[in-house]
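Student: Predicted coordinates and the sequence they were generated for:
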Amino acid sequence: MIELANFFSSAPAYTIVSIGAAGVIGFLLGYLLRSGIILTYKKRILILEDEMLSNHSRILELEKKNTDLKNEKLIMNGKQPAVSKIGSKTS
């Protein structure tokens, strides 16, 4: 019982060092954990951005096809399309 009491009432220098070491270890573990979480979120964001870009490009392709079909229909009916394609750039 006396040894247990001596363990909890150790020298102040030993207590300060152990608390400091526990604090540093806790900080490092927290930093590594948070860095891992942030890295996971960044990967998810990149995946979602790629998905959004592919969806937007698909929408633009469909809009272009729709416009081309409308222009072809107007040309077949003998009317001039409202928008001219002269000088248009494709990216």
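Tutor: Right, received. Where do you want to start?
Student: does Glu63 sit in a helix, a strand or a coil?
Tutor: Assigned with DSSP: H, G, I helix; E, B strand; the rest coil, Glu63 falls in the helix class.
Student: mind checking pLDDT for it?
Tutor: pLDDT, Glu63: 94.
Student: Show me where the protein has its helices.
Tutor: 2-8, 12-76 (DSSP state H).
Student: any idea which of those scores lowest on pLDDT?
Tutor: Among those, helix 2-8 carries the lowest mean pLDDT, at a mean of 57.
Student: now the helices of the chain in TSV, with mean neighbour count?
Tutor: Glycine gets a C-beta too; all of them are placed from N, C-alpha and C. Below are the helices of the chain laid out as TSV (neighbours: other C-beta atoms under 10 Å):
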stretch	mean neighbour count
helix 2-8	7
helix 12-76	10
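Student: mind checking how far the most centrally placed residue in the chain is from Leu39?
Tutor: Nearest to the mean C-alpha position of the chain, counting by C-alpha atoms, centre = their mean, stands Ile45 at 1.9 Å. For Ile45, the distance to Leu39 equals 11 Å [C-beta to C-beta, to the nearest Å].
Student: Repeat that for Ile25.
Tutor: 21 Å.
Student: next one: Thr67
Tutor: Taking C-beta to C-beta as the measure, Thr67 falls 42 Å from Leu39.
Student: next one: Ser18
Tutor: Ser18 is 32 Å from Leu39, by C-beta to C-beta.
Student: now stretch 39-57: how far from the chain's centre is it?
Tutor: Computed by C-alpha atoms, centre = their mean, to the nearest Å, the chain-centroid distance of stretch 39-57 equals 7 Å.
Student: List the neighbours of that stretch that are in contact with it.
Tutor: Among residues not part of stretch 39-57, none is counted as a contact by C-beta atoms under 8 Å, 6 or more residues apart in numbering.
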